[in-house]
Structures are given as structure tokens and as C-alpha cells.
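Here is a sequence together with a model predicted from it:
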Amino acid sequence: MGLRDVLFGRKKLAAPARERLFALTTAAVTLDVELGLKTAGVGGICFKPLSAGDFVRAESDIEQLLDSVAADSGSKLERRDDTFGYSWVIVRDADLEDQVTAVHAVAQGLEEQGFGEQLLAAVFKFDGGKNPVYLVYGYKRGAFWPFVPTGKDQERDNAEELELKAKLEGELPIEQDLSRWFGLFDAPL
């Protein structure tokens, strides 16, 4: 299934694989010590927007969920939409483990509300390299991939991404199909 299928709903999506997201917290030492990458203090979860009826039904539940997650983790949460019309919950917290926990809680809450198939990706930003590094977690495949935009138009540093893949595959479930390494140039992180 390609991005076009995900975006336009041509195939039924697999259930999200939320639990593998926590592998990022165990990879934090490798990211910091071996790769010199430290959390930029921001992560987020992207999901397909809800239909008007579903949105009205779920809006108060989602707001309660976000308030609860923010209170439990001490993270600051905000909702945003990107230029492609996807919805995001942005998590701001200096602690990577709190970011991952908050993103997981939001995903779990959305799934409990019946919107698990809407979950697309979680994204975590890291600083310390020549360019910012984003580790993207695809919910449908339950795997991560690195995304390193160069800052020039919509170019990415493929060599750096492949190097990160090689160094992180012992720590993280890495998406092996490189054609699925979608660039999230418009992520509001």
C-alpha cells in the first residue's frame, strides 16, 4: 500500500502498532552518546482529520484526553493542522520519555474513541547534527525511519538518513522498505 492509498483511502488500513513506539526511549542513549543527537524538546502525532460528524462526537473527548495527558506528564500539548489538512497534536517537553509517553497516550485515546485507523505517524525532532533530524514512526507498519531535511526546498540528506538507519537498526524497529520513508516537510514541529 502506498501513500496514495493511505491518503485517499483506497485500501483498509492496518490497526496501529502503538507499543513499538517505546523503543525510542531505549535508543535515547545511542542517539545521545554515539550520534550526538539530543531531543529538541518537541514531538507530535499526525492523524487524518475526522469527518464533521465524528469530529463533533469526539471533540470534547479529545480535549479531555489532551488535558489529562498534559496534567499527567507536565508536557504542553497543542493541536494544529498542516497545509495538507492533516491534524497534529504537538507535544513540547524537554524529556524524550515524557514526549513518547504523551504521544502514546494521545494515540491510545484516539484508538479507544474508534479513530485508530486515522493514526498516521509520530515524529520526534533531534538537534546536534548538521541539520535537524526527525525520527518518524509509522503506525501502520510499526517502524521508524529517519528524515533529515536539508532546509533547501524539499531536499533531504539521503546519505545521513542511511547512516542513521545503519546505526539505529539494532535499537529501533526500522522500516526496511525505503520507498516508505516519507518526508514530512510540513510537520509543524
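Received it, and whenever you're ready, just let me know what you need. For clarity, every value in this text was computed on a predicted model and none was experimentally measured.

The nearest residue to Leu96 once chain neighbours are set aside sits in which helix or strand?
Once its chain neighbours are removed from consideration, Leu96 has its nearest residue in Thr39; the separation is 4.4 Å (Cβ to Cβ, 6 or more residues apart in numbering). Quick note: C-beta positions are derived from backbone N, CA and C, even for glycine. With elements delineated by DSSP states H and E, Thr39 resides in strand 38-47, which encompasses its position.

Mind giving me the packing neighbours of that strand?
Using 3 or more Cβ pairs under 8 Å, 6 or more residues apart in numbering; DSSP states H and E as the contact test, the elements touching strand 38-47 are strand 87-92, helix 96-112, strand 119-127.

Might you list the low-confidence residue ranges for this protein?
For the chain, the stretches with pLDDT under 70 are 1-18, 50-59.

how about the strands in it?
Using DSSP state E, the strands of the chain run over residues 38-47, 76-81, 87-92, 119-127, 133-138, 143-147.

could I get those as TSV with distance to Ala166 and mean neighbour count?
Formatted as TSV, these follow (distance: least, Cβ to Cβ, whole Å; neighbours: other Cβ atoms under 10 Å):
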stretch	distance to Ala166	mean neighbour count
strand 38-47	20	22
strand 76-81	33	14
strand 87-92	28	22
strand 119-127	17	23
strand 133-138	14	24
strand 143-147	10	24
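
would you list those strands in JSON lines and tack on distance to Ala159?
As requested, the strands of the chain are arranged in JSON lines below (distance: least, Cβ to Cβ, whole Å):
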{"stretch": "strand 38-47", "distance to Ala159": "21"}
{"stretch": "strand 76-81", "distance to Ala159": "31"}
{"stretch": "strand 87-92", "distance to Ala159": "28"}
{"stretch": "strand 119-127", "distance to Ala159": "17"}
{"stretch": "strand 133-138", "distance to Ala159": "13"}
{"stretch": "strand 143-147", "distance to Ala159": "11"}
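
closest one to Ser60 among those?
Closest approach to Ser60 among those is made by strand 76-81 (13.3 Å; Cβ to Cβ).

hang on, the earlier thing: so can I have a markdown table of the helices and strands packed on strand 38-47 showing distance to Ser73?
Written out in a markdown table, the entries for the helices and strands packed on strand 38-47 read as follows (distance: least, Cβ to Cβ, whole Å):
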| stretch | distance to Ser73 |
| --- | --- |
| strand 87-92 | 8 |
| helix 96-112 | 5 |
| strand 119-127 | 15 |
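
Next up, the contacts around the residue nearest to Leu96.
Contact criterion Cβ atoms under 8 Å, 6 or more residues apart in numbering gives Ala28, Ala94, Asp95, Leu96, Gln99, Phe124, Lys125, Phe126, Asp127 as the residues in contact with Thr39.

Serialize these to a markdown table and add fields for distance to Leu162.
Written out in a markdown table, the entries for the contacts of Thr39 read as follows (distance: Cβ to Cβ, whole Å):
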| residue | distance to Leu162 |
| --- | --- |
| Ala28 | 21 |
| Ala94 | 29 |
| Asp95 | 29 |
| Leu96 | 23 |
| Gln99 | 25 |
| Phe124 | 19 |
| Lys125 | 19 |
| Phe126 | 17 |
| Asp127 | 20 |
